[in-house]
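Participant: Pasted the sequence and its predicted model underneath.
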Amino acid sequence: MRIHFIAIGGSAMHNLAIALHLKGYQISGSDDEIFDPAKSRLEKYGILPSQIGWNPDLITPELDAVILGMHALIDNPELIKAKELGLKIYSYPEFLYEQSKDKLRIVVGGSHGKTTITSMIIHVLQSCHFSCDYMVGAQLAGFEVMVKLSDEAKIMVIEGDEYLTSPIDRRPKFHLYQPDIGIISGIAWDHINVFPTFDIYIEQFKIFADMIPEKGTFIYCQDDTELNQLSKSILKTNKIGYSVHPYLIKNGITYLTTTYGDIPLQIFGKHNLSNINAAKNACLTIGMKEQDFYNAISTFKGASNRLELMEKNEDCSVYKDFAHSPSKLKATIDAVREQFADRKLIACMELHTFSSLNKQFLSEYKGCMDAADTAIVFYNPEVITHKKLPPFDIPMIIDAFQRKDLLVLNNSKELESKLLSFDTRNTVFLLMSSGNFNGIDIKDLSKKIVHLRP
């Protein structure tokens, strides 16, 4: 098949392009900007566009399909021509469904934890020699691409994002996957530019859960108040509620408490111990033995940017995380606080998303950083302007977080200087953002932090 990608440079799009290339498809694509790692990876497989920009000449009747990325606008010239030619136009999730409609689909949704749960399931299935296809929103250690598609696998594991499908399809992505086993990890209001009220946001998860067939399985976090209420309306489908897996911490290592003994983990945090139970229930539902699951999960190192250890020495560690929404922020800080109870915790987060930079949403962050000894919030005024949002001032942020000693910075050089000024003895640094702190090299900064001496 000949497939053309409009906006091939996206994180998910370029991975799908590579997956189809590896499957033997002829791939072309275009974009108005392509950055690393997408650029280098597309180039490695010989499918990097020869020039930047949109080119309607690439859209020809010989194409079998066009895949439209969310980054493209509705008036994209390639999209217009594809419509004029009557070509098949798929969104990213529509095409994934077409590739997996004859497989058993495990779809993981939720406001937080879905990437990690998806990654855990994929890791365990691969470790236990269960053949599966997959799509996950983060790079995994030992996996070349974030998307795998094959004709042989009978199982497809999909991270189910609730954000919009494409510029011409306003449905949430996870409404298109038709789950056989559906997981919801938790519901905490997000994407307020699309879902202006919490009730509208919750309704998207209700629709997702209702899609699970009568013979399917709905797996949900029973610690979540909203999910518990939602689960009561799911009448025909088999339901499995889960909570935090029993555990203990010894010498800085978290162990699962099981009938097979204490299982050491390479990850930590109550949210991850809850994620493990979600993954376990999914794997057991498809026939995996419990002991095999535990053996495999003990080797799981986590997904990229999810409590990822950047650097450490004998008395200082630096972690980075994707946390940006209030629920993610609190869960991540609490996890580090519990794991390193005897260390000083310096937590720094960036307000970067549309929701987090919205005045109406800021109050949702109340108390989220209370567990940190030192709390820092960074924002880039240029991002606020780019997102066409009204500006806000530092006192407003301090008031929203309800922490009088909160340090708020809006200059990346000042932020880097401040982080390098702390006494690093017996300290853990936690850097959280869905962006990059306006261009700070986190790897380089982490090296500087751990090698500093007062």
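Facilitator: Nice, thanks for sending it over.

Participant: rest of the way, CA atoms for contacts and neighbours
Facilitator: OK.

Participant: so where do the helices sit in the stretch 201-350 of the chain?
Facilitator: 225-231, 270-285, 290-297, 326-339 (DSSP state H, counting those that start in this stretch).

Participant: buried sites along the longest one?
Facilitator: Think helix 270-285. 270-283 (16 or more other CA atoms under 10 Å).

Participant: Of those residues, just say which sits nearest to residue 366.
Facilitator: The closest of the buried residues of helix 270-285 to residue 366 turns out to be residue 271 (CA to CA; 19.4 Å).

Participant: circling back: would a markdown table of the helices of the stretch 201-350 of the chain with mean pLDDT be doable?
Facilitator: As requested, these are arranged in a markdown table below (pLDDT from 0 to 100):
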| stretch | mean pLDDT |
| --- | --- |
| helix 225-231 | 93 |
| helix 270-285 | 97 |
| helix 290-297 | 98 |
| helix 326-339 | 93 |
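
Participant: Any chance of TSV for those, columns distance to residue 439?
Facilitator: As requested, these are exported to TSV (distance: least, CA to CA, whole Å):
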stretch	distance to residue 439
helix 225-231	37
helix 270-285	29
helix 290-297	34
helix 326-339	21
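
Participant: so which of these comes closest to residue 114?
Facilitator: Residue 114 lies closest, by CA to CA, to one member of the helices of the stretch 201-350 of the chain: helix 270-285, at 8.3 Å.

Participant: That closest one vs helix 326-339, what angle?
Facilitator: Counting by axes from the mean of the first three to the mean of the last three CA atoms, to 10 degrees, helix 270-285 lies at 100 degrees to helix 326-339.

Participant: ok, so what distance separates the residue nearest the centre of the chain from residue 27?
Facilitator: Nearest to the mean C-alpha position of the chain, by CA atoms, centre = their mean, lies residue 115 at 4.4 Å. Residue 115 sits at a distance of 27 Å from residue 27 (criterion: CA to CA, to the nearest Å).

Participant: what are the pairing partners of the lengthiest strand in the chain, and which direction each?
Facilitator: Ordering each strand of the chain by length in residues (DSSP state E) puts strand 344-351 first. Here strand 344-351 is paired, per DSSP bridges, with strand 374-379 (parallel), strand 427-432 (parallel).

Participant: For the last one, what does the pLDDT average out to?
Facilitator: Read it as strand 427-432. Strand 427-432 shows a mean pLDDT of 97.

Participant: Can I get it as PDB, trimmed to CA atoms?
Facilitator: The C-alpha trace of strand 427-432 is given here as PDB (Å, rounded to 0.1, in the frame of the first residue of the first chain):
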ATOM      1  CA  THR A 427      18.700  16.100  48.300                       C
ATOM      2  CA  VAL A 428      16.500  14.900  45.400                       C
ATOM      3  CA  PHE A 429      15.500  17.200  42.600                       C
ATOM      4  CA  LEU A 430      12.300  16.600  40.700                       C
ATOM      5  CA  LEU A 431      11.800  18.500  37.400                       C
ATOM      6  CA  MET A 432       8.300  18.200  35.900                       C
END
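
Participant: which residues touch whatever helix or strand comes next after it?
Facilitator: Using DSSP states H and E, the helix or strand that follows strand 427-432 in sequence is helix 442-450. By CA atoms under 8 Å, 6 or more residues apart in numbering, the residues outside helix 442-450 that reach it are 310-313, 316-318, 416, 419-420, 424, 436.

Participant: The same query, at a cut-off of 10 Å, please.
Facilitator: Helix 442-450 is contacted from outside by 309-320, 416-417, 419-425, 427-429, 431, 436, using CA atoms under 10 Å, 6 or more residues apart in numbering.

Participant: how far off strand 427-432 does it point, in degrees?
Facilitator: Using the same axes, to 10 degrees, helix 442-450 lies at 160 degrees relative to strand 427-432.

Participant: quick one: residue 346 and residue 96, what's the gap?
Facilitator: On the measure of CA to CA, residue 346 and residue 96 end up 41 Å apart.

Participant: typo on my end, residue 294
Facilitator: Distance from residue 294 to residue 96, by CA to CA: 30 Å.

Participant: same deal with residue 208?
Facilitator: Taking CA to CA, one finds residue 208 at 16 Å from residue 96.

Participant: Which one of the strands paired with strand 344-351 lies nearest to residue 171?
Facilitator: Taking those one by one with CA to CA, strand 427-432 is closest: 28.8 Å.

Participant: still on that earlier bit, tabulate the CA atom coordinates of the longest strand of the chain in PDB.
Facilitator: This file holds the C-alpha atoms of strand 344-351, laid out as PDB (Å, rounded to 0.1, in the frame of the first residue of the first chain):
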ATOM      1  CA  LYS A 344      15.200  17.200  51.100                       C
ATOM      2  CA  LEU A 345      12.900  17.400  48.100                       C
ATOM      3  CA  ILE A 346      13.200  20.300  45.600                       C
ATOM      4  CA  ALA A 347      10.300  20.200  43.100                       C
ATOM      5  CA  CYS A 348      10.100  22.300  40.000                       C
ATOM      6  CA  MET A 349       7.200  22.300  37.500                       C
ATOM      7  CA  GLU A 350       6.400  24.200  34.300                       C
ATOM      8  CA  LEU A 351       3.000  25.600  33.500                       C
END
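
Participant: Understood, closing this out.
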